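> Dropping a prediction and its sequence here:
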Amino acid sequence: MASNNFKVFAGNSGANVLSQAQFEAMAQLPSGFQTGIAQSNQANKVWRQSSIIASMIAQFICDQTGRDSIDDGTVAALEANFIAALQAVGRIKLAASLNLYVATTGSDTNNTGQNAGSPFQTIQKAVNVAVSSYDTQLHNITVNIANGTYPNPVVVSNPLFGGSTLSLVGNPASPTSVLITANNAHAIHCGGGGNLSISGLSLQTTGSVSGIPSIGILSDGNSNVTITGAMNFGLCAGNHMWASSGGNISITSPYSITGGAQAHYFSGSAGVITIPAAGVTVTLSGSPAFSVAFAEAIQGGNISISSAQATFSGSATGKRYLANLLGQINTGGSGVNYFPGNVAGTADASTFSLYS
């Protein structure tokens, strides 16, 4: 249970306070106490009036958010928690996991998204509803995406209220049947501490965003993205996957690559890309080309993928790996030819970068 530091002063039954009628008739009420001695029951009534409101607001924060109301002399945390409590009042509290539905034949204005017969038209609409309308109370929300081509990017800029995971699920048996194409946008961008699971999708991008070639999956801002089911990465203008600014991308399922990119794995600025468990096969078709490297880690980024967890089937053209500016690529001793490519990889030891 959340803790409330803000207590009611003189709140007990029989406390030494004026009655409400006496308080409202008190001569000092309009102008306050003047120089002299105030009666204790008058002062106690004044303190109770202010403290009971403070205690009520603090308890409202605790009840609606599950967060503590701490009296540490600062305002910022209390204000943030109060805003969260106000937002929670208008949210639907989930008692079980929730499914939302998207189809190219749906409507973002006329449908509820609550069942397959009334789907939203865009994935972004379902994401917005999930993030803004529900208090999950630790129950997950899954966005079920029907077969089709979706020419709109997906942005997850906040975590679900109440914790838990937001899942985007297309067609894991046939990922190429659910295609997200993004022009001058990243296909899927998870930031702001979001927690996103994706499966059964195919991603393609063209163009750029603020001078950065468009990315397939971007995880930044201390967010977490997990690939939990089959995926396909088609041709992308930028990287297939990019983890930076504390973002993490974790891969737990086999997937395929049918198009090239600047890099398949790119990690920078304390981002991490990892395959944490065995049994992941990455299948490459048509020898896709990677203009920078298949795996690239720079500026403190980390890629941890080894032959004990992942197997690459098929071929690619381009440099196998590139580590620079404190970048770390850890393959568990899988060798310099582990990643696909037809050009030897490089790791710049002079910038304390490592391939191992």
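Yes, it's here.
> and the gap between residue 247 and residue 324?
According to Cβ to Cβ, to the nearest Å, residue 247 stands 19 Å off from residue 324. No exception for glycine: its C-beta is placed from N, CA and C like everyone else's.
> Those two: who's more crowded?
Neighbours per residue, other Cβ atoms under 10 Å: of residue 247 and residue 324, the larger number sits with residue 247, 29 against 19.
> where along the stretch 51-200 of the chain do the helices fall?
76-89, 123-133 (DSSP state H, counting those that start in this stretch).
> Tell me how many other residues surround the closest residue in space to residue 136 that isn't next to it in sequence.
When the adjacent residues along the chain are set aside, residue 136 lies closest to residue 162, with 3.8 Å between them (Cβ to Cβ, 6 or more residues apart in numbering). By other Cβ under 10 Å, 18 other residues sit near residue 162.
> what do you get for residue 75?
By other Cβ under 10 Å, the residues close to residue 75 number 9.
> Isn't the residue nearest to residue 136 up against residue 140?
No. Using Cβ atoms under 8 Å, residue 162 is not in contact with residue 140, being 10.5 Å away.
> how about the CA coordinates for stretch 253-266, as PDB?
Presented in PDB, the C-alpha positions along stretch 253-266 are these (Å, rounded to 0.1, in the frame of the first residue of the first chain):
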ATOM      1  CA  SER A 253      12.400 -15.700 -31.800                       C
ATOM      2  CA  PRO A 254      13.700 -16.800 -35.200                       C
ATOM      3  CA  TYR A 255      13.200 -14.200 -38.000                       C
ATOM      4  CA  SER A 256      14.100 -13.400 -41.600                       C
ATOM      5  CA  ILE A 257      15.900 -10.800 -43.600                       C
ATOM      6  CA  THR A 258      14.900 -10.100 -47.200                       C
ATOM      7  CA  GLY A 259      16.300  -6.600 -47.800                       C
ATOM      8  CA  GLY A 260      19.400  -4.700 -47.100                       C
ATOM      9  CA  ALA A 261      20.100  -1.600 -44.900                       C
ATOM     10  CA  GLN A 262      23.000   0.500 -43.600                       C
ATOM     11  CA  ALA A 263      23.300  -2.100 -40.700                       C
ATOM     12  CA  HIS A 264      21.100  -4.900 -39.500                       C
ATOM     13  CA  TYR A 265      22.200  -4.300 -35.900                       C
ATOM     14  CA  PHE A 266      23.200  -0.800 -34.800                       C
END
